[in-house]
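Visitor: Just the structure for this:
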Amino acid sequence: MLRYALQTLKARKGGFIGAFLALFCAAALVTACGILLETGLRGTIATERYAAAPVIVGADQNVHQTTIKKKKGKVKEKHKAKPLAERVWLPEGTTAKLAALPGVRKAVPETNFPAYAVGPQGQIVPGIDGKPSYGHAWSSAALTPFELTDGKAPTGATEVVLDRELADRTGLKTGSSLVVQSTGAPTTYKVSGIAAATDGDLHQQTSLFFSDETARDLSGRPGQVTTVGLMPKPGVSADELADQAEKALAGDGRKYAIATGGERGPVEFLDAGKARVKLVSMGGAMGGTSLLVAILVVVGTFALSIQQRYRELALLRAIAATPKQVRQLIGREALIIGGLAGGLGSVAGLPIAYWLHSKFIDFKAIPDTLELTFSFVPFAAAVGAALLGAWVAARISARRTARIRPAEALSEASMEQRHFAWGRLGVGMLVLALGIGVVVLLGFLRTEPASQPVTFLSVVVLAVAVSLLGPVIARIAVAILGIPLKFSRVGGHLATANARANAKRMAAAVTPLVLLIGMACTVLFVQTTMGDAASAQAKAGNKADWVVASNGPGVPAEATEALRAVPGVTQVTEIVRTQVRVGLDKYPAQGISAQGLTTNWDPDVSKGSLKGFGDKSIAMSDVSADHLGKKPGDTLKVTLGDATVVQLKVAAVYERGLGFGDLTMSHDLVAQHVDNPLASSVLVKTAGDGKAGREQLTGALKRFPGIGVLDRTQVDDVQADVQQSNAEVNYLAMGLIIAFTAIAVVNTLAMSVSDRTREFALLRLVGTTRRQVMSMLRIESALIVLVAAVLGTAISLAVLTAFSVGMTGAAQPSVDLPMFLGVLGFAAVLTAVATLVPGRVALGGRPADVISARQ
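Guide: Take a look at the predicted model:
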């Protein structure tokens, strides 16, 4: 049977190219997603600042939860941990405790805080390649190590040492004056020296070094350190020293992260550790969705391929081939194609993974410290998925063909049967009901992590229903659209007759196009729906006349005081943003100052009141309140970004959670527990005859670099840019799946048209001209696009409406009309190219020669 399968593949190369391409693309996508998933699970994060310290001791950066279950007399413990948003600091006494270990030559404490140089024109100088810029105590320079190339170490309160890269970029030298914007008001320092890392300039951050006392003051964390680096005595290994540190710190009630080798990177770069979780989520979502799409596409491609071979398979049944033998033949053909496509596709997935990794870095979704990591597993999984997908698709597609009786074989092959396949119709109705159920469920999901995977799953399930019900849909569509086509010329009559007689063929062409339109519209308009709803809520809730923001680390408290002193300014409200945990659930949160709380800011309070809001109060969005089962007057236990646990009283529940975050606390409380205590924005209210304008506010802020005064229009523009930046990651992630679907559309349509050479020749022999045949193809293409556009739009609109109900509380999906028309135009162009180009090729030969060659 294997020999026959190979001979069939050799003789019908064209018929199997479509299946090969579909499986090839599927294997490439599965490999790329698998590599991203594996990178998230065990990707290497290289260290820079801590390169010279074999052992780094930091605080545990996770919140933990242990649940105990009793089942059948057995006790099971389940432990979960989730990362925190901010740095968890260590007590200063940890350094002395570690320095006393027998294997420690030197224990070096690290103090880390935002610190940016200010250029001569008053502009904030970003870190290398736009990355962060940090301040440190000079004593921690040994952790890299940094060594002076010029000047001396900082000793006074107004001295600073710059790293060599920053000095070269700004033209500063020893003895120069430099304004530094750190955690307080901008301050002028004297450059006492220039330092360079012994292994070359750092690539992930810019470093400014202060005296130890100044660094402690600027960190805002008196009595605490970021980490402690341990230098071992001669003959003491890193693992041995780590064991000593673990024993010395055990039992003090705190959790520590003691890292050696490649594990030091996550302690240094907290965002890289979080990026692992993000990559696991993105890789899993992309891989799962692409696999579902691949199965749908491959089943459709195999079904069309086998449908085109009905005559050949019917002859095999007529000469006594058993149904089992036909199934084995088709199954082995599928395995050969699947193995070849899986092997080549898995190799092609590697450059796709590298490209995706680089684009995610460009979009700042992940840091470039997270190195791409992979093993043979993604490649093996891709090959296995291709083999399994091909085999299952072939068996499903060949099931009915293999069962037909020999006496009916040739008549079955000669024309498409007109009766319904009731089994297929029943399964299609069940899948449609399932799809409707998933859409209804989507309307009850109110958090993005929960709703996003269900959103794309809904599109795929409904597309599967369209695939199963395709012949019925095609006949209904032709019955309706055939009415106006009756008044057209020859092309319209031929197109209607062909579509009516070959409903399965039309359905096979419509299905991938429906998936393309439905998936593309959903991906695009999920983002606009969320973005527009958030923008509308933020705009409606911002009652301030002006918003002060910074293109640097933030707005210092001294700038806020300067604004309060401007005549005509009545209320100034500071906002600082973070993320917190309630249990293990993560919530976006903000700290907002009490002054102007109810005049500058309106979150649309539905329960409770913001009057008397203070350090022990918390306000919640309606979504978070429903999820946590809280109401005004209740107590909520919150784990702040640096692991500090606070008990807060719920003061109010508000409706505008998309615009302002799920949790709102006191500014003073939040600012004490974030890495950057500067305000992300400041709301300013003015009143009276001497109402302050932009010029007066800007004048008061002249000595604060990088700070600007924005009106409401500018604030909306900035927020739109941020939303677009976040959306780009999702567009890229799902764009590959849409591209795969587009290839499947071209593939299916080209296969369908290319197999009609004999049909076109017969039309030519009975007097139909080439022009009339091409007109027929154009009208068929238009029918396919129209039916697919209606179905794809209906699917995406249903899904988007449910998504909007769940996430925004209103059935108002935001659809950008030019984008939507662009999707339809793209689908129409694909269909035209994939239909008309093969059609012209098929009409190239003499009709009589084509008929004789196809006998």
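
Visitor: care to break the protein down by domain?
Guide: According to automatic domain parsing, the chain comprises the domains 1-43+269-414, 55-261, 552-705.

Visitor: Save those as JSON lines, and put in mean pLDDT and mean neighbour count too.
Guide: Every residue, glycine included, has its C-beta placed from N, CA and C. Below are the domains of the chain laid out as JSON lines (pLDDT from 0 to 100; neighbours: other Cβ atoms under 10 Å):
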{"stretch": "domain 1-43+269-414", "mean pLDDT": "76", "mean neighbour count": "20"}
{"stretch": "domain 55-261", "mean pLDDT": "92", "mean neighbour count": "18"}
{"stretch": "domain 552-705", "mean pLDDT": "91", "mean neighbour count": "19"}
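
Visitor: so which of the ones you listed gets nearest L485?
Guide: L485 lies closest to domain 1-43+269-414 among the domains of the chain, at 24.1 Å (Cβ to Cβ).

Visitor: picking that back up, mind checking the domains of the chain for the one nearest to V841?
Guide: Among the domains of the chain, domain 1-43+269-414 sits nearest to V841 (Cβ to Cβ), with 11.3 Å.

Visitor: related to what we said a few turns ago, so which of the domains of the chain is nearest R446?
Guide: Among the domains of the chain, if distance is taken as Cβ to Cβ, the winner is domain 552-705, at 4.7 Å.

Visitor: Check the separation of the first and last residues in that closest one.
Guide: 8 Å (Cα to Cα, to the nearest Å).

Visitor: can you give me the offset of it from its chain's centre?
Guide: Taking Cα atoms, centre = their mean, to the nearest Å, the mean C-alpha location of domain 552-705 is offset from the chain mean by 28 Å.

Visitor: Check stretch 131-146 too.
Guide: The answer for stretch 131-146 is 33 Å, by Cα atoms, centre = their mean.

Visitor: neighbouring contacts of the one helix or strand G265 maps to?
Guide: Assigning secondary structure by DSSP states H and E places G265 in helix 264-268. The contact list for helix 264-268, computed with Cβ atoms under 8 Å, 6 or more residues apart in numbering, reads 44-50, 53, 56, 58, 61, 227, 257, 259, 272-273, 276, 369.

Visitor: So which of the residues you listed sit within helices?
Guide: 272-273, 276 (DSSP state H).

Visitor: tell me the average confidence for the helix holding G265?
Guide: The average pLDDT within helix 264-268 is 90.

Visitor: just to revisit the earlier point, out of the domains of the chain, the one nearest T831 is which?
Guide: domain 1-43+269-414 (15.1 Å).

Visitor: From S752, how far out is the residue lying closest to D368 once chain neighbours are set aside?
Guide: Setting aside the residues directly before and after it, D368 is nearest to I361 in space (Cβ to Cβ, 6 or more residues apart in numbering), at 4.8 Å. Using Cβ to Cβ, to the nearest Å, I361 is found at 41 Å from S752.

Visitor: before we move on, back to that, F302: which of the ones in helices among the contacts of helix 264-268 is nearest?
Guide: Closest to F302, out of all of these and judged by Cβ to Cβ, is R276, at 37.7 Å.

Visitor: Name the nearest residue to that closest one, sequence neighbours excluded.
Guide: Excluding the flanking residues, the one nearest R276 by Cβ to Cβ, 6+ apart is G40, at 4.7 Å.

Visitor: which of the residues in stretch 819-829 are buried?
Guide: Applying a neighbour-count criterion of 16 or more other Cβ atoms under 10 Å, the buried positions in stretch 819-829 are 820, 823-824, 826-828.

Visitor: Among the ones in helices among the contacts of helix 264-268, which one sits closest to D615?
Guide: G273 (30.1 Å).

Visitor: quick revisit: so the residue nearest to R276: helix, strand or coil?
Guide: Going by DSSP: H, G, I helix; E, B strand; the rest coil, the secondary structure assigned to G40 is helix.

Visitor: State whether K69 is indeed within a strand.
Guide: Yes: counting by three-state DSSP, K69 is part of a strand.

Visitor: Please identify the nearest residue in space to it, excluding sequence neighbours.
Guide: K76 is the one closest to K69 (Cβ to Cβ, 6+ apart), at 5.0 Å.

Visitor: Same check on W89?
Guide: In space, W89 comes closest to Q224 once its chain neighbours are excluded; the distance is 4.0 Å by Cβ to Cβ, 6+ apart.

Visitor: A helix includes A157, no?
Guide: No: assessed with three-state DSSP, A157 is coil; it does not lie in a helix.

Visitor: ok, and the residue nearest to it when sequence neighbours are not counted, which helix or strand is that part of?
Guide: Among residues not flanking A157 along the chain, T214 sits closest, at 5.3 Å (Cβ to Cβ, 6+ apart). Assigned by DSSP H and E, T214 belongs to helix 212-219.

Visitor: Show me what that helix is in contact with.
Guide: Against helix 212-219 from outside (Cβ under 8 Å, 6+ apart): 111-113, 115, 135-139, 154, 157, 182-184, 209-210, 222, 226.

Visitor: From the chain's centroid, how far away is the helix holding G265?
Guide: With Cα atoms, centre = their mean, you get 24 Å for helix 264-268.

Visitor: Put the alpha carbons of it into PDB.
Guide: Provided in PDB are the C-alpha atoms of helix 264-268 (Å, rounded to 0.1, in the frame of the first residue of the first chain):
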ATOM      1  CA  ARG A 264      21.500  36.100  38.600                       C
ATOM      2  CA  GLY A 265      19.900  37.700  35.600                       C
ATOM      3  CA  PRO A 266      16.300  37.600  36.800                       C
ATOM      4  CA  VAL A 267      17.400  39.100  40.200                       C
ATOM      5  CA  GLU A 268      18.900  42.000  38.300                       C
END
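
Visitor: Ends of stretch 583-599, what's the gap?
Guide: End-to-end for stretch 583-599, by Cα to Cα: 33 Å.
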